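**Student:** Sequence below, structure please.
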Amino acid sequence: MDGNPLAWASSWHQDEFGVWVKFTIDGDEGTLIQRMHRISPKRFMMESPQDEKGCYEDEGQVHSVF
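**Tutor:** Residues are numbered from 1 along each chain as shown. Modelled structure (predicted):
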């Protein structure tokens with residue numbers, strides 16, 4: 001891993017899944033920390049099956065995204 005993290009990233013690293021970045025937002029209700037992995041361009045399924053444990057009622061139907 002070479003280079004520097006993007007200006008909005010509070011940190012970055014690489015793990016077994018690839019490079020990830022972390023960003024932090026401070027707000028009135030506390031601090032949000034989000035970590036994101038890069039996903040190579042490809043088709044994948046988004047959302048959760050309705051019978052999945054921990055699935056919320058307002059999640060959409062499973063659908064293909066490219």
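
**Student:** Gln61 - nearest residue in space that isn't next to it in sequence?
**Tutor:** Excluding the flanking residues, the one nearest Gln61 by Cβ to Cβ, 6 or more residues apart in numbering is Glu47, at 6.3 Å. Every C-beta, even on glycine, is put in place using the N, C-alpha and C of the backbone.

**Student:** quick check: longest strand of the chain.
**Tutor:** Secondary structure of the chain per DSSP state E: the longest strand is strand 18-27.

**Student:** Give the buried residues for it.
**Tutor:** Under the neighbour-count criterion of 16 or more other Cβ atoms under 10 Å, strand 18-27 has 21, 23 buried.

**Student:** and that strand, C-alpha only, in CSV?
**Tutor:** The C-alpha trace of strand 18-27 is given here as CSV (Å, rounded to 0.1, in the frame of the first residue of the first chain):
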residue,chain,number,x,y,z
GLY,A,18,-8.2,-5.2,0.5
VAL,A,19,-7.7,-1.5,1.2
TRP,A,20,-10.1,0.2,3.5
VAL,A,21,-10.5,3.8,4.6
LYS,A,22,-12.1,5.2,7.8
PHE,A,23,-13.8,8.6,8.1
THR,A,24,-15.2,10.3,11.3
ILE,A,25,-18.0,12.7,11.6
ASP,A,26,-18.7,14.6,14.8
GLY,A,27,-22.3,15.6,15.3
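
**Student:** could you give the angle of the next helix or strand after that strand to strand 18-27?
**Tutor:** Using DSSP states H and E, the helix or strand that follows strand 18-27 in sequence is strand 30-37. Angle between the axes of strand 30-37 and strand 18-27 is 160 degrees (criterion: axes from the mean of the first three to the mean of the last three Cα atoms, to 10 degrees).

**Student:** What helices and strands are in contact with strand 30-37?
**Tutor:** Identification of packing neighbours for strand 30-37 by 3 or more Cβ pairs under 8 Å, 6 or more residues apart in numbering; DSSP states H and E yields strand 18-27.

**Student:** for the strand it packs on, the distance to its chain's centre please.
**Tutor:** 9 Å (Cα atoms, centre = their mean, to the nearest Å).

**Student:** Show me what that strand is packed up against.
**Tutor:** Using 3+ Cβ pairs under 8 Å, 6+ apart, strand 18-27 is in contact with strand 11-15, strand 30-37.
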